[in-house]
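Asker: here is a sequence with its predicted model. Questions after.
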Amino acid sequence: MSRIAANPIPYWSKAGKTREVFEEAFRDFQAIGFTATKADVPDGMTVGEYREWIAGYGLSPALSLFNSPFDETVDMAVELEKAKRFGAQQAALGLDRTMVSSMARPERIARPAVGTGFDAGRLDRAIENVGAVCRVLRTEGIWPLHHSHVGGVFETGDEITKLLDDLGPDLIGAGPDTGHLAWAGVDPAAFIRRYADRLGGIHIKDVFPLAGLPDLSYPELAATKRLWAEPGLGTVDFTAVLDAIPAGYDGDFMIEVDEPSVESKAESHRISYEWARSFLAGRVT
């Protein structure tokens, strides 16, 4: 059965991925009731050390993410070696899948969610690069899932569906983010229904009303605390999302609130967890 997992991104996004930062997050997760967290092994720590560390907080490793621009700025030989190491690490943690995402085009960070600076050649190149990374991950026993994210090469609905349709189900699955899809104008439930047979993971993210958002950059919008909402407090139709998820789905439900709408990160995760335990009853352990 699926798990409710937590991504500690609001803890480290500004403070950095230090041991102290993660320990604050893990203490909060343990107190709230989470039993799984995004697998994110710090540099200099072995897989065994990481598993023992998080187990001390009652946590197990959950669905992680391989991130790359996938565009002309990357050295693919380097990216493929990174993917090989990452895949081996995830397999050693006992995981069989990971999300794969692009989130770093400068022009799209400056003007997000509308496909700024679309370039057909760049998109084709990025799809080819994603395919190469997916093949490496497959050799390590890891099922790659595309993770939708505003700000990357695959931002709009057309870009995401071209990636998934061009590469096909034998190479890549779907790991959508409900909030990022909604922000980019994609109906999350309809998207999940379209790729239900390829669904291997999902980020549960909510957004406040998007109409009338100020013309700001991605980080500026997030800093307003009126972009991301704790699940159930925003506009995403999670009833439709849950209805679209097939009964046999066995992936994680990863709670992710990049910038909490409340002052306390712990309170944000408590709100999210209590909502998820109630809303996902019967679908999660």
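Answerer: In hand now; what should we look at?
Asker: helix or strand: which one has Gly212?
Answerer: Under DSSP states H and E, no helix or strand contains Gly212.
Asker: likewise for Arg270?
Answerer: Per DSSP H and E: helix 265-279 holds Arg270.
Asker: what about stretch 224-234, average pLDDT?
Answerer: Stretch 224-234 carries an average pLDDT of 96.
Asker: roughly how far out does that stretch sit from the chain middle?
Answerer: Stretch 224-234 has its C-alpha centroid displaced from the chain centroid by 16 Å (C-alpha atoms, centre = their mean, to the nearest Å).
Asker: what's the span of that stretch, first residue to last?
Answerer: This stretch, stretch 224-234, spans 15 Å end to end (C-alpha to C-alpha, to the nearest Å).
Asker: stretch 2-9 too?
Answerer: Length of stretch 2-9, first residue to last, C-alpha to C-alpha: 21 Å.
Asker: do a quick rundown of the strands in the stretch 51-200 of the chain.
Answerer: 60-62, 65-67, 97-101, 143-146, 173-174 (DSSP state E, counting those that start in this stretch).
Asker: adding distance to Leu221, mean pLDDT and mean neighbour count as columns, could you present the ones you listed in a markdown table?
Answerer: Yep, even glycine has a C-beta here, placed from its N, CA and C like the rest. Below are the strands of the stretch 51-200 of the chain laid out as a markdown table (distance: least, C-beta to C-beta, whole Å; pLDDT from 0 to 100; neighbours: other C-beta atoms under 10 Å):
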| stretch | distance to Leu221 | mean pLDDT | mean neighbour count |
| --- | --- | --- | --- |
| strand 60-62 | 27 | 98 | 22 |
| strand 65-67 | 20 | 98 | 20 |
| strand 97-101 | 19 | 98 | 25 |
| strand 143-146 | 23 | 98 | 24 |
| strand 173-174 | 25 | 98 | 23 |
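Asker: tabulate the ones you listed (CSV), appending distance to Tyr11.
Answerer: As requested, these are arranged in CSV below (distance: least, C-beta to C-beta, whole Å):
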stretch, distance to Tyr11
strand 60-62, 16
strand 65-67, 16
strand 97-101, 19
strand 143-146, 24
strand 173-174, 27
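Asker: quick one: which of the ones you listed is nearest Ala189?
Answerer: The closest of the strands of the stretch 51-200 of the chain to Ala189 is strand 173-174. By C-beta to C-beta, the value is 13.1 Å.
Asker: contacts for the closest one?
Answerer: Here strand 173-174 makes contact (C-beta atoms under 8 Å, 6 or more residues apart in numbering) with 97, 143-146, 164, 191-192, 195, 198-200.
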